[in-house]
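> Got a sequence here, can you model it:
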Amino acid sequence: MTEDRGHLMTEKVNERTRAIDRMSVAECVDLINSEDATVAGAVAGARDAIVAAIELVVAAFRAGGRLIYMGAGTSGRLGVVDASECPPTFLSDPSMVQGIIAGGRPAMFRPIEGAEDDPNGAVEALKKRELGPNDVVFGIATGGTTPFVHGAIRYARQVGAKSVFFACVPREQCADEADVSIRVLVGPEAIAGSTRMKAGTATKMVLNMVTTVAMVQIGKVYENLMVDVDTRTNRKLVDRGARIIATLTGLGREKSLELLRAAEGRVKIALVMHLRKVDFEAARRLLAEHGNRVRAVVDE
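Numbers count the residues shown, from 1 in each chain. Okay, here's the model as predicted:
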């Protein structure tokens, strides 16, 4: 029997947008923009849970564990996107942050709606990745009910992994079994039930916070610069690496590029070489001794 989900916040009709089908393009844009403007406040309302989730992820990374996003549809796609952006931004191992979408790779490009109803699909995917106690499973289900996501959370508990649940409905409407429950209450969507809108925006904001803050905490950022950027992939990132070195050392562009080459494209090593007046091997050793944190090496 099909469950009636009409009571969920994400399914309710938004009274402010009832006349949207009678509006001009400009009026529609203004109305949707006004709805989107409320999302940041809703995210702020979930601050304590977001902090608790990030602390779990930081502990996992420091223990050699992984962050694994689980979701279906828009939620799954956003998890995959966030995971895929970590290696080029933070030079993290691709296995460190992973995104699993119900239905697998084909679901990234076309809807496979039935996949979200299978909790065993999540279990099988996590078994293939040998989920363990050092890992964090981050389930994303903006409407709160996705069986695929709840299956992932239950399996995480079974194997001793930590778990986080993200939804845009209050807990009393749909409970979860996660260690940390993040509820970002964005309210009814401009188009009823279309959680690719405000709920999707909230999801993107929170996932950005989770991985960015976690990477900062483990030393992937110095000041507010991505010093672990992988400059070996394209010219844009070589340019960014050189500019980071120039900003932090006061060197000119050519000298910065020269230093970057001497450090084999590693911005962190280049910075330590210059700031501590050491060669490549000594810089690499200093970083290893200080948890790969430039701040710790420089402040010593």
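> Could you list the domains of this protein?
Split into domains by automatic domain parsing, the chain comes to 9-217, 235-299.
> Average pLDDT for the longest one, rounded please.
Predicted confidence along domain 9-217 averages 95 (mean pLDDT).
> Ends of that domain, what's the gap?
34 Å (C-alpha to C-alpha, to the nearest Å).
> wait, isn't L287 in contact with L271?
No - using C-beta atoms under 8 Å, L287 makes no contact with L271, being 9.5 Å away. For the C-beta atoms, the positions are set from N, CA and C on the backbone; glycine is no exception.
> and for these two, which residues touch both?
Listed as contacting both L287 and L271 by C-beta atoms under 8 Å, 6 or more residues apart in numbering are V294.
> Just read off the phi/psi values of D36.
phi -60, psi -30 (degrees, to the nearest 10).
> residue contacts, it?
Listed by C-beta under 8 Å, 6+ apart, the contact partners of D36 are M197, K198, T201.
> and the residue positioned nearest the centre of the chain, helix, strand or coil?
Centrality entry for the chain: nearest residue to the mean C-alpha point is L207, 3.2 Å, by C-alpha atoms, centre = their mean. At L207, secondary structure determined by DSSP: H, G, I helix; E, B strand; the rest coil is helix.
> give me every residue that touches L286.
Counted by C-beta under 8 Å, 6+ apart, L286 has contacts V272, R276, V278, V297.
> is it possible to export the residues you listed to TSV including distance to R232?
As requested, the contacts of L286 are exported to TSV (distance: C-beta to C-beta, whole Å):
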residue	distance to R232
V272	18
R276	23
V278	22
V297	22
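> what's the most buried one of the domains of the chain?
A comparison of those by mean neighbour count, using mean count of other C-beta atoms under 10 Å, puts domain 9-217 on top with a mean of 19.
> Roughly how far does K162 sit from R266?
Plainly put, K162 is 31 Å away from R266 if you go by C-beta to C-beta, to the nearest Å.
> and of the domains of the chain, who's closest to V229?
Proximity to V229, assessed across those by C-beta to C-beta, is greatest for domain 235-299 (5.6 Å).
> End to end on that closest one, go ahead and measure it.
Domain 235-299: ends 31 Å apart by C-alpha to C-alpha.
> separation between Q217 and R266?
According to C-beta to C-beta, Q217 and R266 sit 20 Å apart.
> just to revisit the earlier point, of the domains of the chain, which is nearest L225?
Nearest to L225, of these and by C-beta to C-beta, is domain 235-299 at 4.8 Å.
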